[in-house]
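Novice: coordinates for the following, if possible.
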Amino acid sequence: MLIRKIEKFLEQTGMPVTKFGRLAARDPRLIGDLRNGREPRSAMVTRVEHFMNTFKGTAHAA
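Specialist: This next block holds a predicted model:
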């Protein structure tokens, strides 16, 4: 499920949810909507997964 992958990414990077939404999909409400049941289309899933796979930020220690 996409939201689980995103939650793990957010935990690893320490990135705020609205920043993730803006950078990954130009939608600051993306995470909140997904948490509330929004089902993304395949193009959105591809875009978000690509963003997470190519992100070059500093990971925070958990």
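Novice: alpha carbons only for contacts and neighbour counts from here, please
Specialist: OK.
Novice: how about P40, what does it touch?
Specialist: Neighbouring residues of P40 by CA atoms under 8 Å, 6 or more residues apart in numbering: L34.
Novice: switch the cut-off to 10 Å
Specialist: If a contact means CA atoms under 10 Å, 6 or more residues apart in numbering, then P40 has L2, I3, L30, D33, L34, T46, V48 as its contacts.
Novice: contacts only, for the nearest residue to the last one once chain neighbours are set aside.
Specialist: Same thing as V48. Nearest residue to V48 in three dimensions, chain neighbours excluded: A24, at 5.3 Å (CA to CA, 6 or more residues apart in numbering). Contacts of A24 were listed using CA under 10 Å, 6+ apart, and they are T18, L30, M44, V45, R47, V48, E49, H50, F51, M52, F55.
Novice: so the fourth one sits against L2, correct?
Specialist: Yes: under the criterion of CA atoms under 10 Å, V45 is in contact with L2, at a separation of 7.0 Å.
Novice: three-state assignment of the residue nearest to V48?
Specialist: Assigned with DSSP: H, G, I helix; E, B strand; the rest coil, A24 falls in the helix class.
Novice: that one and E39, how far apart?
Specialist: Look at A24 and E39: by CA to CA, to the nearest Å, they are 16 Å apart.
Novice: on that earlier part again, show me the contacts of P40 that map onto strands.
Specialist: Among these, none falls in strands (DSSP state E).
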